[in-house]
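[1] build me a structure from this.
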Amino acid sequence: MKKEQKDFSYYQLKLQEHIEASFPERLGDTKFIQQRARWAANAYEGAFRSGNHINKCNEIADYILYEGLHFSKFDSLFEVLTYEFSDVFDELDFRDFALKFLPLCDEIFGQYELTDDFAYTTEYDLLYTELTGFIAIWIEQNGIR
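    Residues are numbered from 1 along each chain as shown. This is a model prediction of the structure:
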């Protein structure tokens, strides 16, 4: 039981770090985080007991832990801000502005099928351009604060 709790805690912390960095809007979803961590720990244990190499066990556990969490709306918005609006913001303001601005972009993100590999599609370029225009217009009308 003690080892299972240790594994579960490891995956929970690993997922929380990822969510804090790339999906801050999901940070309060502790049920999701705990469930995914438990699934990943169980997958690792099952793969190990089946005789898989440790690297393969880690790969299986990570696949379950991060499924659906590769493409991040927040990361995309943050990227647009840092590349396109670096002259408007101080470096420390990018994250705060992105957190506040993310809900305003829901309609734009809703026009796309956001799969884990979305960032590697040509549609991503369209999203990037749309976000850039939306942010520029919003800043022009409202300022950055």
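
[2] which element is the residue sitting furthest away from the middle of the chain on?
    Distance from the centre of the chain peaks at residue 51, with 31.7 Å (CA atoms, centre = their mean). Assigned by DSSP states H and E, residue 51 belongs to no helix or strand.

[3] pLDDT at it, what is it?
    pLDDT for residue 51: 95.

[4] can you check residue 7 too?
    Reported pLDDT for residue 7: 60.

[5] near the nearest residue to residue 85 once chain neighbours are set aside, how many other residues are there?
    Sequence neighbours aside, residue 135 is the residue nearest to residue 85 in space, at 6.6 Å (criterion: CB to CB, 6 or more residues apart in numbering). C-beta here means a position set from N, CA and C on the backbone, and glycine is covered the same way. If you count neighbours by other CB atoms under 10 Å, residue 135 ends up with 23.

[6] same check, this time on residue 103
    What residue 103 shows, counting by other CB under 10 Å, is a neighbour count of 10.

[7] from residue 94, how far out is it?
    Separation of residue 103 from residue 94 (CB to CB, to the nearest Å): 17 Å.

[8] likewise residue 118?
    The value you get for residue 118 to residue 94, if CB to CB is used, is 21 Å.

[9] same thing with residue 54?
    38 Å.

[10] got the phi and psi for the residue lying closest to residue 118 once chain neighbours are set aside?
    Leaving out its chain neighbours, the residue that sits closest to residue 118 by CB to CB, 6+ apart is residue 71, at 4.5 Å. Main-chain dihedrals, residue 71, degrees, to the nearest 10: phi -90, psi 130.

[11] I'd say residue 71 and residue 112 touch.
    No. Under the criterion of CB atoms under 8 Å, residue 71 makes no contact with residue 112, lying 9.7 Å away.

[12] buried set for stretch 65-79?
    65, 66, 69, 70, 71, 72, 73, 74, 76, 77, 78, 79 (16 or more other CB atoms under 10 Å).

[13] redo the residues you listed as TSV? Include distance to residue 140 and secondary structure.
    Shown next, in TSV, are the buried residues of stretch 65-79 (distance: CB to CB, whole Å; DSSP: H, G, I helix; E, B strand; the rest coil):
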residue	distance to residue 140	secondary structure
65	41	helix
66	37	helix
69	33	coil
70	33	coil
71	28	coil
72	26	coil
73	22	helix
74	23	helix
76	21	helix
77	18	helix
78	20	helix
79	21	helix
